[in-house]
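# Sequence plus predicted model, see below.
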Amino acid sequence: MQALRAPLKLPNGRKVQCRKVQCAAQGISKGEVKKVVLAYSGGLDTSVILKWLQDEYQCEVVTFTADLGQGEELEPARQKAEQMGVKEIFIDDLRDEFVRDYVFPMFRANAVYEGVYLLGTSIARPLIAKRQIEIAKMVGADAVAHGATGKGNDQVRFELGYYALKPDIKVIAPWREWDLNSRTKLCGYAEAKGIPVPDSKRGEAPYSTDANLLHISYEGNALEDPWVEPDESMFTRSVSPEAAPDKPTYVEIEFKNGDPVAIDGKELGPADLLTKLNQLGGDNGIGRIDIVESRFVGMKSRGVYETPGGTVLLHAHRALESICLDRGEAHLKDELMPRYAELIYNGFWFSPDREMLQAAIDATQKNVNGLVRLKLYKGNVIVVGRKSAASLYDDKVASFEDDGGAYDQKDAAGFIKLQALRLRTLATGRQLIDLGDA
């Protein structure tokens, strides 16, 4: 149930009707929440949420802003929070932790959702949820809040993370409670509450974006028709393949235990390494995809993504695995990958089945050590070399020249006969059945 509140009067005299949320309908009684930790970007939406929480729940709000390499200046978020009366403000640089503990483990699995999506948004949510819960425990908060809508996957990813780490936490999801369901209503509420509204936010944005060090996504509005090609001006992390240099760029990536550790002989930390790969990939038109994906909540959604560094990393990692992994473990790993990718996409990073799969994947990576050489050219990642002290490739056995007795080709006849036994038996038996039916 929702009860009408007195209209809000805007500076220009216009009135906006708002509804008073009955918190009990969401499982949280008004007055039950004393302090809430809000995942806060400093943008219009989360600033409105901050004020709405203060008004509707009459509770103290603690803001948390994560630096995941999204490329935005974060100090304005602190200033906005202070202006709105927030006493406890957390702005955390999580870039290295994000890449080291989330992105790299995922890339050990070569995780790709529905054949193309490198899970750039999905993999960021568990870390944000984890840090929110850590802060909630630190400051004695009894609730957390996020700005994800009730139509998308992120609400699920955030909340599965919250509950996995603190089962008794209260969760507030304003987009599932309020009726500020249009840009006009949101701006009206902001103006009525004295929240500055940039001119760029007054109309409907052509699309929504989400960015971190791994990728940037574009969804909604102008992109909702899957037949319409996105405008080139939309892209921010890569040049188009047509505009990429006519001369290829060569790069060497060194791996240790399945993780990249150096580029062109220079050791780099996790965040710096991915930043460098983003620059190399983006400069060569690499990492753009335009897909229609199956959301966990049930609908199809069109998304456009730029993941330049991740695309380069995936090709390099698979190339090194091709000489370091046994066929059986490599093939089984590829069979497990879609399930692993789906768990991450759906928000089950902290689930025992994801951790079980991670342990199996990591066990294969102890021998994935070596160097991969790539050629980056006009949107393409071309593997041109790979080497490892743990390589299983034996040029003497594989050679078409005289191998000095390393491989006896006569052995293949017996191998083929044994492999064909069940097929020959099947064909003979069914021929007899067919004759009997004739």
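Looks like it came in fine. Residues are numbered from 1 along each chain as shown.

# Please make it C-alpha for all contacts and neighbour counts, starting now.
Fine.

# how about the nearest residue to residue 376, chain neighbours excluded?
residue 249 (5.1 Å; C-alpha to C-alpha, 6 or more residues apart in numbering).

# Phi and psi next, for the one you found.
With angles defined as degrees, to the nearest 10, residue 249 sits at phi -110, psi 130.

# Distance check, it against residue 238.
15 Å (C-alpha to C-alpha, to the nearest Å).

# Name the residue in the two with the higher neighbour count.
Taking other C-alpha atoms under 10 Å, residue 249 and residue 238 do not tie; residue 238 has more neighbours (23 against 16).

# Looks like the residue nearest to residue 376 contacts residue 379 (just checking).
No: when contacts are counted by C-alpha atoms under 8 Å, residue 249 is not listed as touching residue 379 (11.3 Å).

# Need the overlap of contacts for these two.
Common contacts of residue 249 and residue 379 (C-alpha atoms under 8 Å, 6 or more residues apart in numbering): residue 284.

# part of a strand, is residue 292?
Yes: counting by DSSP: H, G, I helix; E, B strand; the rest coil, residue 292 is found in a strand.

# Let me know the secondary structure of the residue lying closest to it once chain neighbours are set aside.
Take residue 292 and drop its neighbours on the chain: the residue closest to it by C-alpha to C-alpha, 6+ apart is residue 302, 4.2 Å away. Secondary structure for residue 302, judged by three-state DSSP, is strand.

# looking at it, residue 302 is touching residue 224, isn't it?
Yes: the pair residue 302 / residue 224 is scored as a contact, 6.3 Å apart, by C-alpha under 8 Å.

# Looking at these two, which is more packed in?
Shown here are residue 302 and residue 224; by other C-alpha under 10 Å, residue 302 has more neighbours (17 against 14).

# Run through the residues that contact the more buried one.
By C-alpha under 8 Å, 6+ apart, the contact list for residue 302 reads 219, 220, 223, 224, 225, 226, 290, 291, 292, 293.

# filter those to the buried ones?
Neighbour counting by 16 or more other C-alpha atoms under 10 Å classes 219, 220, 223, 290 among these as buried.

# what's the distance between the first one and residue 209?
Using C-alpha to C-alpha, one obtains 7 Å as the distance from residue 219 to residue 209.

# Just flag the most distant two among the buried ones among the contacts of residue 302.
The most widely separated members of those, counting by C-alpha to C-alpha, are 220 and 290 (12.7 Å).

# anything in contact with each of the two?
302, 303.

# OK, contacts around the closest residue to residue 211 other than its chain neighbours?
Excluding the flanking residues, the one nearest residue 211 by C-alpha to C-alpha, 6+ apart is residue 70, at 4.8 Å. Residue 70 makes contacts with 211, 212, 213, as judged by C-alpha under 8 Å, 6+ apart.

# so which helix or strand takes in the closest residue to the second one other than its chain neighbours?
Taking C-alpha to C-alpha, 6+ apart, and ignoring the residues beside it in sequence, residue 212 has residue 70 as its nearest neighbour in space, at 4.0 Å. Taking DSSP states H and E as the definition, residue 70 sits outside all helices and strands.

# So for stretch 319-328, mean pLDDT?
Average pLDDT, stretch 319-328: 98.

# Report the separation between residue 81 and residue 171.
20 Å.

# ok, now residue 255?
For residue 255, the distance to residue 171 equals 40 Å [C-alpha to C-alpha].

# Now do the buried residues in the longest helix along the chain.
Longest helix of the chain, by residue count under DSSP state H: helix 411-437. Buried residues in helix 411-437, counting neighbours by 16+ other C-alpha under 10 Å, are absent.

# What average pLDDT does that helix get?
If you average the pLDDT over helix 411-437, you get 90.

# Tally up the residues packed near residue 343, please.
Applying other C-alpha under 10 Å, we find 18 residues neighbouring residue 343.

# Check the one 10 residues further on too.
Neighbour count of residue 353, defined by other C-alpha under 10 Å: 14.

# For residue 217, see how far away the residue nearest to residue 212 is.
11 Å.

# Equivalent analysis for residue 130, please.
Going from residue 130 to residue 217 by C-alpha to C-alpha gives 22 Å.

# of these two, who's got more company?
For residue 130 versus residue 217, neighbours defined as other C-alpha under 10 Å are more numerous around residue 217 (21 against 18).

# distance between stretch 224-241 and the chain's centre?
Relative to its chain's centre, stretch 224-241 lies at 19 Å (C-alpha atoms, centre = their mean, to the nearest Å).

# now the strands for the stretch 1-150 of the chain?
2-4, 8-9, 15-16, 19-21, 35-39, 60-67, 89-93, 143-145 (DSSP state E, counting those that start in this stretch).

# chain center to the last one, what's the gap?
How far strand 143-145 lies from its chain's middle: 22 Å, per C-alpha atoms, centre = their mean.

# which SS class is residue 328?
Assigned with three-state DSSP, residue 328 falls in the helix class.

# Revised request: answer the last question for residue 250.
strand.

# Repeat that for the one 3 residues further on.
At residue 253, secondary structure determined by three-state DSSP is strand.

# tally of neighbours for the closest residue to it other than its chain neighbours?
In this structure, residue 253 finds its nearest non-sequential neighbour in residue 263, 4.7 Å apart by C-alpha to C-alpha, 6+ apart. The local packing of residue 263 (other C-alpha under 10 Å) involves 20 other residues.

# Check the one 10 residues further on too.
By the measure other C-alpha under 10 Å, the count of residues near residue 273 is 20.

# Next, the buried residues of the helix or strand containing it.
Using DSSP H and E, residue 273 sits within helix 270-283. For helix 270-283, the buried set under the neighbour-count rule, 16+ other C-alpha under 10 Å, comprises 270, 271, 273, 274, 275, 277, 278, 280, 281, 282, 283.

# ok, the fifth one to residue 369 distance?
Going from residue 275 to residue 369 by C-alpha to C-alpha gives 22 Å.

# which one of the buried ones among the contacts of residue 302 sits closest to residue 244?
Closest to residue 244, out of all of the buried ones among the contacts of residue 302 and judged by C-alpha to C-alpha, is residue 290, at 18.7 Å.

# Now do the contacts for the residue nearest to the closest one when sequence neighbours are not counted.
Using C-alpha to C-alpha, 6+ apart and skipping residues adjacent in sequence, the residue nearest residue 290 is residue 304, 4.4 Å away. Neighbouring residues of residue 304 by C-alpha under 8 Å, 6+ apart: 217, 218, 219, 288, 289, 290, 291.
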